[in-house]
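Participant: let's see this in three dimensions:
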Amino acid sequence: MEKATFGAGCFWGVESFFRQVPGVIDAVCGYAGGHVDNPTYKQVCSDKTGHAEVVEVTFDPAKVSYGALLDVFFMNHDPTTLNRQGPDVGTQYRSVIFVHSREQEHTAHAKKTALESSGRFKRTVVTTIEPAQPFWRAEEYHQRYFEKNGLPSCHVNFAES
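Facilitator: Numbering: from 1, shown residues only. Below you'll find the predicted structure:
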């Protein structure tokens, strides 16, 4: 099994769309990229900890490639909006890929470059690619939020944009 960590706005939707990918074993809401140990949701929302809302994905690379996960990531959020996804604004909603290996870093940069040159978006892709940081699991009420509350995902699919 391998890990992948993505920030693409509100982690509820990110978790939801990764859970649907065959080969994904688990997807967990949490926080990464900040300077406070074991932050709370309230602290992260204060925009003072530096964390992004992220999802840590555990996947079987024999069943789904890291590149395919990157495709899902880029299809399910707008990577051209800085510190924002839809109505959610703040650095915790930034578009970020935390890479766990040199191979992931290379693949992420190649996917981002291909996306930028594809003409799919009119604006610059602002997604950052950073070394994996400590992952802090979010509070339990954030895990599988849509499933627990019978709600549809809030993310927009950008496959056709």
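Participant: which residue, other than its chain neighbours, is closest to residue 24?
Facilitator: Closest residue in space to residue 24, ignoring its immediate chain neighbours: residue 59 at 5.0 Å, by CB to CB, 6 or more residues apart in numbering. The C-beta positions use only the backbone N, C-alpha and C, and glycine is treated the same way.
Participant: can you pull the contacts of the one you found?
Facilitator: Residues near residue 59 by CB atoms under 8 Å, 6 or more residues apart in numbering: 1-4, 21, 23-25, 66, 69.
Participant: helix, strand or coil for the residue lying closest to residue 5 once chain neighbours are set aside?
Facilitator: Distances taken as CB to CB, 6+ apart place residue 98 nearest to residue 5, at 3.9 Å, with adjacent residues excluded. Look at residue 98: counting by DSSP: H, G, I helix; E, B strand; the rest coil, its state is strand.
Participant: beta-bridge partners for residue 98, please?
Facilitator: residue 5, residue 130 (DSSP bridges).
Participant: residues touching it, list them.
Facilitator: The contact partners of residue 98, by CB under 8 Å, 6+ apart, come to 5-7, 32-33, 54, 130-133.
Participant: can you map out the strands along the chain?
Facilitator: 2-8, 24-32, 52-59, 84-85, 88-89, 95-99, 128-131, 136-137 (DSSP state E).
Participant: need the contact list for residue 2.
Facilitator: By CB under 8 Å, 6+ apart, the neighbours of residue 2 are 58-61, 66, 100.
Participant: distance of residue 4 relative to residue 10?
Facilitator: 18 Å (CB to CB, to the nearest Å).
Participant: and the angle from the lengthiest helix in the chain to strand 95-99?
Facilitator: Of all segments of type helix in the chain, defined using DSSP state H, the longest is helix 102-118. For helix 102-118 against strand 95-99, the angle by axes from the mean of the first three to the mean of the last three CA atoms, to 10 degrees is 150 degrees.
Participant: tell me the angle of helix 102-118 relative to strand 2-8?
Facilitator: Inter-element angle recorded for helix 102-118 and strand 2-8: 40 degrees (by the same axes, to 10 degrees).
Participant: which of the residues in helix 102-118 are buried?
Facilitator: For helix 102-118, the neighbour count (16 or more other CB atoms under 10 Å) marks 104-105, 107-108, 111-112, 115 as buried.
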